[in-house]
Every structure is written in structure tokens, then in C-alpha cells.
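# Sequence plus the predicted model coming up.
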Amino acid sequence: MRSAYRASDASHRYVFDTVRGVDRDRFLAALFAPEPARSGLLALLAFDHELARTRAVTREPMLAEIRLEWWREAAAEAASGGAPRAQPVVEALSETVRRHDLGAEALIALIDARAEEIEGPLDVLRTGGALADLQLAVLDVADAASRKAAHAVAAAGLMGEGPERVALLQEARALRGDVDMAALPILLPALALAGSLSAWRKPLAYWWAARRGRY
């Protein structure tokens, strides 16, 4: 059985500030989740950010793979119940993994999806789906409609404007009557992806949509 673990306040603050700075749309949406799921979603977003910036850190494929291997090992350690590595995202992720009983294989699925970007284009469906599955587990949502909608919104967030993104958002919205409302904190970013929301309007738009159960 995994041992309990609580990341330091400093690690949680680091994760909070990082996600707020690099992924404001999903950061704002995550705030609509109750604790401790909120902290879990932020930890996953910080984890995904660390993986996504591998190409920015190094253009050398071998060094990029070494970096991702470090994260594979850190993810496996987090899931095993041992002492996490002294890195704030790893520490927050370890708390999330143990609190919500996430499997190492689910974490590594996201790492492997991101690894495709080292030498080729990112598979947005695979990557978005891997992250969405982790987020749904943190939110304790398991129904098929919510999973399909979450996959569509996550994939849409990884691509630029165009008909493919529009189609994914339409697919997600067609399921609004069937999804579990507990999944809204990962579905609300569809609002920002669908059109131009100014920075000051976005929090209010998210709040109003969450009250109405829309996205």
C-alpha cells in the first residue's frame, strides 16, 4: 500500500504560480474544482508543462530523451510510494498520485505521447487523451460521455485555429447534456478556444458558464 505524502506549501505555491503564468486558460478553469482536486489538476498541468517544454530546453534528440527518461523515473517513483525527488513539480505530483491512486502507466502514457514531439509532430489526440484521463481520475469522473468530451477539449487545446479544432469543440459541446458536471473544470477551456475572450472577461465567462453547467 502506498504511503501518504504531503508536498510542501512551497511546492504547491511553485506549481500554482507556474500554471498561472504559462497556461492561464486551464489555470482559471482548474480553480472551479474543489480541493484537493484543484491542487491535483494544477500539479498535472505543471507536469504536462515540464514535458511540453522539452523541445525548448534542448534541440538535441538524445538529450531530450534523457530529460523525458528522468521524468519517467520520477513518475514511477511517485507511484511506488517512495520518497519523491526534491523538485517542486515532482513533489506536488507525488501527492496527487497517491491521493487519487493514479497509476504509473497513466503518467508514463503522457510522457510517451509528448516524446513523439522530439523528432516529429505531436499527436494531439493521443496527448490530449492521456492528460484528460489523468484529470478525470483526479475529479473522480469515469463516464463515457465526460471522457469523450474531455478528450476532445484537451486535443483542441493542443492545435491551432482551424476546422479540426472547431469540429472537436462541436463534438464536446454535443455531449453537454450527458457529461458529469464534476468534469467542468477541464471542459471550461472550450470557451476560450471557441472565440476571443479578453483577459478580463475570461474569469467572469468561466464563472457564468460553470453556474449554468455550460462550456
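Everything's here; your move.

# which secondary structure element contains the residue positioned nearest the centre of the chain?
The centroid of the chain falls nearest to residue 45 when counting by CA atoms, centre = their mean (4.1 Å). Element membership for residue 45, per DSSP states H and E: helix 37-52.

# Just name the shakiest helix or strand of this structure by mean pLDDT.
The weakest-scoring helix or strand in the chain, judged by mean pLDDT, DSSP states H and E, is helix 54-57 (a mean of 85).

# In terms of secondary structure, what does the following helix or strand past that one contact?
Using DSSP H and E, the helix or strand that follows helix 54-57 in sequence is helix 61-80. Here helix 61-80 touches helix 37-52, helix 54-57, helix 88-99, helix 104-115, going by 3 or more CB pairs under 8 Å, 6 or more residues apart in numbering; DSSP states H and E. The C-beta positions use only the backbone N, C-alpha and C, and glycine is treated the same way.

# By mean pLDDT, show me the worst of those helices.
Of all the helices and strands packed on helix 61-80, helix 54-57 carries the lowest average pLDDT, namely a mean of 85.

# Could I have the CA atoms of that helix written out in CSV?
Written as CSV, here are the backbone C-alpha positions of helix 54-57 (Å, rounded to 0.1, in the frame of the first residue of the first chain):
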residue,chain,number,x,y,z
THR,A,54,11.4,19.6,-23.5
ARG,A,55,12.0,20.9,-27.1
ALA,A,56,12.6,24.4,-25.8
VAL,A,57,15.2,23.1,-23.3
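
# Any chance you could list what contacts that helix?
By CB atoms under 8 Å, 6 or more residues apart in numbering, the residues outside helix 54-57 that reach it are 64, 67-68, 114, 117-118.

# Check stretch 15-22 too.
So stretch 15-22 is contacted by 26-27, 30, 39, 42-43, 45-46, 49, 88-89, 92 (CB under 8 Å, 6+ apart).

# make it 7 Å
For stretch 15-22, the external contacting residues (CB atoms under 7 Å, 6 or more residues apart in numbering) are 27, 42-43, 45-46, 49, 88-89, 92.

# distance between it and the chain's centre?
Chain-centre distance of stretch 15-22: 12 Å, with CA atoms, centre = their mean, to the nearest Å.

# Name the residues of that stretch that are buried.
Under the neighbour-count criterion of 16 or more other CB atoms under 10 Å, stretch 15-22 has 15-16, 18-19 buried.

# same thing with stretch 106-126?
Neighbour-count burial for stretch 106-126 flags 106-115, 117-118, 122-126 (criterion: 16+ other CB under 10 Å).

# could you dump stretch 63-81 to PDB, C-alpha only?
The C-alpha trace of stretch 63-81 is given here as PDB (Å, rounded to 0.1, in the frame of the first residue of the first chain):
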ATOM      1  CA  LEU A  63      19.400  15.000 -24.500                       C
ATOM      2  CA  ALA A  64      15.600  15.400 -24.900                       C
ATOM      3  CA  GLU A  65      15.100  11.700 -24.400                       C
ATOM      4  CA  ILE A  66      17.300  11.700 -21.400                       C
ATOM      5  CA  ARG A  67      15.200  14.500 -19.900                       C
ATOM      6  CA  LEU A  68      12.000  12.600 -20.500                       C
ATOM      7  CA  GLU A  69      13.500   9.400 -19.000                       C
ATOM      8  CA  TRP A  70      14.200  11.400 -15.900                       C
ATOM      9  CA  TRP A  71      10.500  12.200 -15.700                       C
ATOM     10  CA  ARG A  72       9.600   8.600 -16.400                       C
ATOM     11  CA  GLU A  73      11.700   7.500 -13.400                       C
ATOM     12  CA  ALA A  74      10.200  10.300 -11.300                       C
ATOM     13  CA  ALA A  75       6.700   9.300 -12.200                       C
ATOM     14  CA  ALA A  76       7.400   5.600 -11.400                       C
ATOM     15  CA  GLU A  77       8.900   6.700  -8.000                       C
ATOM     16  CA  ALA A  78       5.900   8.900  -7.300                       C
ATOM     17  CA  ALA A  79       3.500   5.900  -7.900                       C
ATOM     18  CA  SER A  80       5.600   3.500  -6.000                       C
ATOM     19  CA  GLY A  81       5.200   5.300  -2.700                       C
END
